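In: Let me see the structure of the following:
(4 chains)
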Number of protein chains: 4
Amino acid sequence: MQSHTVEPEQAQARREYYDRISQQNLTPLWEVLGRLVTPTPASPAVAALWRYAEIREPLMEAGRLITAAEAERRVLVLENPALRGRSAITQTLYAGLQLVLPGEVAAAHRHTQSALRLLLEGDAAYTAVDGERTTMRRGDFILTPSWTWHDHGNPGTQPAIWLDGLDVPLVQFLDASFSERSSVATQLPVRPEGDSLKRYGANMLPVDHKVTGVSPSPVFVYPYERTRESLLGIAQGEPDKHLGFKLRYVNPATGGSPMPTIGAYAQRLPRGFETRAYRCTDGAVYVCLEGSGHAEINGTTHSFGPNDIFIVPSWNELRIHATTDTHLFSFSDRPVHQALGLWRESRE
Amino acid sequence: MQSHTVEPEQAQARREYYDRISQQNLTPLWEVLGRLVTPTPASPAVAALWRYAEIREPLMEAGRLITAAEAERRVLVLENPALRGRSAITQTLYAGLQLVLPGEVAAAHRHTQSALRLLLEGDAAYTAVDGERTTMRRGDFILTPSWTWHDHGNPGTQPAIWLDGLDVPLVQFLDASFSERSSVATQLPVRPEGDSLKRYGANMLPVDHKVTGVSPSPVFVYPYERTRESLLGIAQGEPDKHLGFKLRYVNPATGGSPMPTIGAYAQRLPRGFETRAYRCTDGAVYVCLEGSGHAEINGTTHSFGPNDIFIVPSWNELRIHATTDTHLFSFSDRPVHQALGLWRESRE
Amino acid sequence: MQSHTVEPEQAQARREYYDRISQQNLTPLWEVLGRLVTPTPASPAVAALWRYAEIREPLMEAGRLITAAEAERRVLVLENPALRGRSAITQTLYAGLQLVLPGEVAAAHRHTQSALRLLLEGDAAYTAVDGERTTMRRGDFILTPSWTWHDHGNPGTQPAIWLDGLDVPLVQFLDASFSERSSVATQLPVRPEGDSLKRYGANMLPVDHKVTGVSPSPVFVYPYERTRESLLGIAQGEPDKHLGFKLRYVNPATGGSPMPTIGAYAQRLPRGFETRAYRCTDGAVYVCLEGSGHAEINGTTHSFGPNDIFIVPSWNELRIHATTDTHLFSFSDRPVHQALGLWRESRE
Amino acid sequence: MQSHTVEPEQAQARREYYDRISQQNLTPLWEVLGRLVTPTPASPAVAALWRYAEIREPLMEAGRLITAAEAERRVLVLENPALRGRSAITQTLYAGLQLVLPGEVAAAHRHTQSALRLLLEGDAAYTAVDGERTTMRRGDFILTPSWTWHDHGNPGTQPAIWLDGLDVPLVQFLDASFSERSSVATQLPVRPEGDSLKRYGANMLPVDHKVTGVSPSPVFVYPYERTRESLLGIAQGEPDKHLGFKLRYVNPATGGSPMPTIGAYAQRLPRGFETRAYRCTDGAVYVCLEGSGHAEINGTTHSFGPNDIFIVPSWNELRIHATTDTHLFSFSDRPVHQALGLWRESRE
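Out: Residues are numbered from 1 along each chain as shown, chains lettered A, B, ... in the order given. Predicted coordinates:
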């Protein structure tokens, strides 16, 4: 859009014209085009970091302030500082920290929103999905895919805290939210614990397993123990200059992302490694599982340690420096971008 | 979410707590969950109808007020009455009426936004895509897919008016906008007019044509003449109770939608036919090409005739009554919903 | 395999050993490996050409010798000269010329073998597939996909002759033949003639059309009139040096081949054009629809004119010289090779 | 085909006619149709069983009779008793037992034929594929996919014996054999042993892994240790009446078969379990890894124990009775049938 000099009386005529057509729900494109079609992404979201130690405290306070019955779900939503009021950590994603106290359970429900959990504290809480229960260990990546019944509980003696990640803002934007509660509070297990991992976890599938349409992973848990072993195993070679050693979690029945709207990743950066500048169009949420370092995002440095959470909005330039051997979990809306032919990356 | 009685001092403690955690960019989920995960879609968009006769006038006025050089593109944006200021006609889509006067041309450019054109008036204007020019006739459905170079012009003697449809709000939401201008204003034709239709229009493809990744249709025009012939041809059987005779435009190289983010449809409703109540999660823009009737959307009736444009937001209940033989063109974000496993419909 | 000198007594010991293990259905690989895993394909099939004028005569004679009732189907099988007794024209394909006299009909049946028809003579015969009848014109490419009910008849006054192409040797090799006869001889039309072309022939599909698994084209006829128009249309550009102007017939619902096991192609070679040497792993059957020329196959020249049929086995070097403007129809097992990752081509 | 009475002079006329057209490479379809298009598959292959103890002896004898240099590969081919001379164990598959003596190595080569190995004896032999070496343990399922460089060796002190399975007859039938030898005898390892399993074995993939076209599994080994653990894990539920507990090996990058032409399966039948009658169109080779039992194939009973090998041709009725807890490995051409839309099964 080149700019043009407009005479005062012309300008007045235009204002009157704009007011007039506004009654008809019409807007002149030439006044707004530059904002709509930008040369590169200009995300309204900003980078941010939450220190676990600092958010754990108010979370425990919520445990005292709000009963479980009252506050199903007892979650503190991590809101992007530039998107306050939208319950969004990136444009498309929601993230929150959930506290489940010993003895608490949550009733079974389901929704079209896809969800993941990453356990940060506690070792006895479980998530049950479609009748299969999984006890969660720290770093385990748990799915509750779109429209699957799920409930959870903490039969242990210590509080359980996990990160919830959902595509809530995306589903809201697409006007595709459906939800319902089960008539039974807790699902009866129909399969023993660990069953899905036996069936789908060793590069094998039940011989009759069928994939229809866009479908989520039949595996509900990706144990950190296995992920960690893989990360250590591949770490013998040369790390990618921009990504270190980075793996993506896959749906073993398709090779696609665990859920159609959310991709998830695990990454190892050896002590002292510094990634080169990298940009991509998906907006990502990172969680530090081990180690510590600095993330330089569009020129601002954020220091992180275990359980800290930070976000990298679309097309922000990212450099990570690992001060010790570091493992990062991350999730983003990359599968959405890829399914729509919109994903790009840039490597310097 | 059941409601709970909260004592005044409790309420005060909570307010203080909320204020405190707000500093940390934290929000209590239990106060907002009901808005985020709704039982059925609750689109902020509303139904609306624009009469062509009423918007044609201000559009012609724009032709006098704004020069083409100044106002590339000379377009009036149709804004959803409930989404003013966002240049959105539905949550994910943009629509505008473009006026190109005799002798005007627009410089070649490209962007990641996918775009379609539906000619409403004039018979000499052309769109050129990747070096192939197509002269547009009324009702022709023209594509300018993501990241293809395109320009246009009107070498005729009459004004040309077309409907532009783009996925601008979606690409903006996904932070995936890239655009650039060509160093040359007008592309040199590298293929004769009509070439893509010869190559791809008769259930045949060039033997070496390859599809890689998510790709748009290699056909840039779906002439209304052919669409009309199909609609009349199939109209001998029994119409679908909810849809009449409805066809979707396809990418002949994949059977998928013409562009990854936008689906397009043509529909025939015989005189007197009344569709039964129907809902779906995609939000759609309808254009009447022939005939007239009434669209009852969530209980409100909108009368339409040739070139009128109306919208049906997600999950709004739609009934259409055709008072004469009616042909409707429509486009929506259905392929997005389907690619992400979020599409639903309901037929009463 | 390098050769080794073997002492006479050793040779004797081996023979005895071979005889002994042969009782156990064991064979020494080292004696046969060279035949099994060749450096390049060594097809047992050979190139051949049938002049239509010379096979038409015995075909008409079959019309007198054999009644329709007796000889359902009255077909002369074109057997590859090097594969006699196998009813195979290439390793995987069967081809035959079928004669249907005025007034004759064939009872409805179905089989897992995929079949195609290419009409060569007559203009009133029809094929009915799944309740839709298509009157066949010369050059029309007709499908009767796997497991679809089909019957045919000739209500005209002239004999109808068409080329049948099937994957009979492939299905036989894979042990996957199923077939059954209908209890009714002739299917009642459930859709009007031309219906599938209206629904699927203009880069549009019925909005509810679903593709499940490996599926054939929903279009049962690709009229030569449309194909010819495409060939003439694209013939304005530069021909491919190895292929001239070559199109492949596609399933409009997937972009894949019309049937999973058989690919089909139409090709235009301008007068005087000579293709450069080309090889591919699929074995193909060619039919000349218009024009005339010479096909040089592995160094031997075969002259062809209208309705003549010739074959090019896998990896045979092909050069075609068109003496007049020439249109060739061809079909092959290329989709099988491609589905299994085995297809290769070589261009000199 | 109903039969017709033919008069002697007619019969004579026909014989003369048949002889005459045979000169033109023409054959009357009506004399052969019944053989070509059968109501159900009529495989020329027959069921058979090889006892390991009985074939091990001649295999060891081959070790003395034939040097490794002379007899690269030292393999006894298991030929289907009804397909002698074709080096085929089923219509499409080849199987052989390979002996590699301590200190022997085989030079690197590659071919379009897909191959698998199942180690039966020895614990030090390795297979190297595309620069990654895998030490083979009993029951490990090893791939050497189409056109990958592979070599092997036995640095141990005991003979190694494995089952080779290839699609040699299929590739021969499709005329698609290409092969070449490496200029270097032994590949230099470019990745450490176990690398592919670290990268692809835990429901994760390298973030940049791309799938193009029809591609084989990036995992070259499916260790029996993991398979066994899965079989024992799922064996807590109810076994399928026809299949017991049956898993298929998958390509983790696609969910498809490990190689495009060969499917592989592992199956557990608890002690005393008897499968119900089952048929399918793929022809399969079974190897008993643990346990013992009886396979009743088209009414004939074959007893099997560890390392015994038996085959079930297409559409043969199979019942298996496990006398002790039994683990079976099997491979077949099912992916070929499925890719072509020809696969069927029947469960009684």
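In: Spell out which parts of the stretch 201-348 of chain A neighbour chain D.
Out: A:201-208, A:211, A:217, A:219, A:222, A:226-227, A:229-230, A:233-234, A:236-237, A:240, A:243, A:246-255, A:265-266 (Cβ under 8 Å from any Cβ of the partner chain). Every residue, glycine included, has its C-beta placed from N, CA and C.
In: what residues are up against residue A:61?
Out: residue B:17 (Cβ atoms under 8 Å, 6 or more residues apart in numbering or on different chains).
In: one step back: from the residues of the stretch 201-348 of chain A next to chain D, list the buried ones, please.
Out: A:201-207, A:217, A:219, A:222, A:226-227, A:230, A:233-234, A:240, A:243, A:246-255, A:265-266 (16 or more other Cβ atoms under 10 Å in any protein chain shown).
In: How about the stretch 1-150 of chain A: which residue is closest to chain D?
Out: residue A:141 (9.8 Å; Cβ to the nearest Cβ).
In: Can you tell me the closest non-neighbouring residue to that residue?
Out: residue A:222 (4.3 Å; Cβ to Cβ, 6 or more residues apart in numbering or on different chains).
In: try residue A:286
Out: residue A:330 (4.5 Å).
In: wouldn't that neighbour be in contact with residue A:280 here?
Out: No: in this structure, residue A:330 is not within contact of residue A:280 by Cβ atoms under 8 Å, at 11.3 Å.
In: Under a three-state scheme, what state does the nearest residue to residue A:194 once chain neighbours are set aside occupy?
Out: Leaving aside its sequence neighbours, residue A:194 sits nearest to residue D:233 (Cβ to Cβ, 6+ apart; 6.7 Å). Recorded secondary structure, residue D:233: helix (DSSP: H, G, I helix; E, B strand; the rest coil).
In: Tell me where the stretch 151-300 of chain A has helices.
Out: Ranges of helices in the stretch 151-300 of chain A, per DSSP state H, counting those that start in this stretch, are A:168-173, A:195-200, A:224-234.
In: Which residues does the last one contact?
Out: With Cβ under 8 Å, 6+ apart as the contact definition, helix A:224-234 has outside contacts at A:137-141, A:201, A:245, A:247, A:249, A:266-268, A:289, A:327, D:194-195, D:197-199, D:201-204, D:206.
In: go on, the first one?
Out: Residues outside helix A:168-173 that contact it (Cβ under 8 Å, 6+ apart) are A:86-88, A:90-94, A:112-113, A:177, A:261, A:333, A:336, B:36-37, B:91-92, B:173, B:342.
In: got any ranges where the stretch 151-300 of chain A has weak pLDDT?
Out: For the stretch 151-300 of chain A, applying pLDDT under 70 flags no range at all.
In: List the buried residues in stretch A:25-36.
Out: Neighbour count says stretch A:25-36 has A:25-30, A:33, A:36 buried, by 16+ other Cβ under 10 Å.
In: And stretch A:302-321, end to end?
Out: Length of stretch A:302-321, first residue to last, Cα to Cα, to the nearest Å: 10 Å.
In: repeat for stretch A:173-193
Out: Across stretch A:173-193, first to last residue, Cα to Cα, it's 36 Å.
In: before we move on, what about stretch A:140-148?
Out: 19 Å.
In: Closest residue of the stretch 101-250 of chain A to chain C?
Out: Counting by Cβ to the nearest Cβ, the stretch 101-250 of chain A gets nearest chain C through residue A:212, at 8.5 Å.
In: count of neighbours near that residue?
Out: Residues near residue A:212, counting by other Cβ atoms under 10 Å in any protein chain shown, number 6.
In: One more: residue A:347?
Out: 12.
In: Name all residues that make contact with it.
Out: A:241-242, A:276-278.
In: Could you measure from it over to residue A:242?
Out: 5 Å (Cβ to Cβ, to the nearest Å).
In: what does the stretch 151-300 of chain A put close to chain B?
Out: So the stretch 151-300 of chain A meets chain B at A:168, A:171-180, A:213-216, A:260-261, A:281, A:283 (Cβ under 8 Å from any Cβ).
In: Can you go through the residues you listed and name the buried ones?
Out: Counted by 16+ other Cβ under 10 Å, those give A:168, A:171-179, A:214-216, A:260-261, A:281, A:283 as buried.
In: From these, which land in strands?
Out: Residues of these located in strands (DSSP state E): residue A:179.
In: Brilliant, that's me finished.
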